[in-house]
Every structure is written in C-alpha cells, then in structure tokens.
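> I need the structure of the sequence given here:
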Amino acid sequence: PLKIGELIIQGLAFRLINAAEGKQNENNVKVLGKLNLRGSDSNFSDKLLQIKVISQAPCLQMTLSETGADVISGEILTVDVEFRNVGPVPMSKLYVAVSHPECMSVVSTDDSVDDFKALYDDKYRPPPDFSDERAARAESRARAAARRVTLVSAHGVAASTARA
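I've put the predicted structure just below:
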C-alpha cells in the first residue's frame, strides 16, 4: 500500500477453472463468482480482513548459528544469535526474554571490553578427559550455570547482560 491508514477488504471476485496443468481444453469448467464478505449485517466484518497500514518501522532480523543434528534432548549448547535491524527506521530498544537467563551470555557493544575473549577461551580450550559422557555433560551444565548476570549501562539505558 502506498498510503498510511486502514484497508478493509469487503469482498472478493474470482474465477475458478478445473484445467489440468499445461493443457488447454475446451471442456474446462469455469465458475465466475463474487463474494460479499460483509454479510447482510453491515456491522459484521472479518477482523482478519481489516488491515492497518502503518508508517515505516524497524524490522528485526534474527540469525542463529548452525547447530549439529546430533543434539540430545535437554543438552545445553552454545548458539550464537545475531540481531540486526534491516528496516528503514532506527530501533531504540531491544528486550530479550529467555527461560533460563543463567545459561545466556550477551556480548556488549562497548569496544573497550573484549567480550569475545571469554567465548574464544571457552570454545578453544583443550578438551577435558572424562571417564564417561554423563560426567562431560554435567561439567558442561555446571559451566553454563556458573555464568553470572551483570548490569551494564549502554547509551544511558540499563541493559541486563551475562558474561561467559
């Protein structure tokens, strides 16, 4: 739509044809029709067909890093999530809600802090030697639970972040 406002679809006009794909046949059945969606009651209308056209807005794009197909239910994995505003209007705030915030690590926008060092050290540390897989998973869960949540102020707005 080229204009801001409300778009209400009141009816549909259609033509149904039973033609087979790629074949032209004179025996095709054609049905022309019109459908009034407002009904006999002038106050009745389908709310799904009442569209509000708004001005330009931010558009949030979320990208997840690839994960393996061999994930076991309940296993804690490291997944990188990138948020990017691809809309024409700047975005002022972003709130992220997670069910287990103790298992989350947020990288700040402050260039003086090396947030990636902890992530890099964690990812490329030598593999521990565990006697069984269960002990390895317990260690992984303990490391994720040990992350702490700190309060960081970014551009004058308090943002809750966690460091690895």
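
> Tell me how this protein divides into domains.
For the chain, automatic domain parsing gives the domain ranges 5-53, 60-163.

> Of these, which shows the lowest average pLDDT?
Among the domains of the chain, domain 60-163 carries the lowest mean pLDDT, a mean of 69.

> ranges for the strands of the protein?
Using DSSP state E, the strands of the chain run over residues 5-8, 11-17, 30-36, 50-53, 60-64, 81-85, 148-154, 157-163.

> hey, C-alpha coordinates of the longest helix anywhere in the chain in PDB?
Longest helix in the chain by number of residues (criterion: DSSP state H): helix 133-145. The C-alpha coordinates for helix 133-145 follow below in PDB (Å, rounded to 0.1, in the frame of the first residue of the first chain):
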ATOM      1  CA  GLU A 133      29.700 -38.900  28.600                       C
ATOM      2  CA  ARG A 134      27.500 -38.300  31.600                       C
ATOM      3  CA  ALA A 135      30.400 -36.600  33.500                       C
ATOM      4  CA  ALA A 136      31.200 -34.400  30.500                       C
ATOM      5  CA  ARG A 137      27.600 -33.200  30.300                       C
ATOM      6  CA  ALA A 138      27.500 -32.500  34.000                       C
ATOM      7  CA  GLU A 139      30.600 -30.400  33.600                       C
ATOM      8  CA  SER A 140      29.100 -28.500  30.600                       C
ATOM      9  CA  ARG A 141      25.900 -27.800  32.600                       C
ATOM     10  CA  ALA A 142      27.900 -26.600  35.600                       C
ATOM     11  CA  ARG A 143      29.900 -24.200  33.400                       C
ATOM     12  CA  ALA A 144      26.800 -22.800  31.900                       C
ATOM     13  CA  ALA A 145      25.200 -22.300  35.300                       C
END
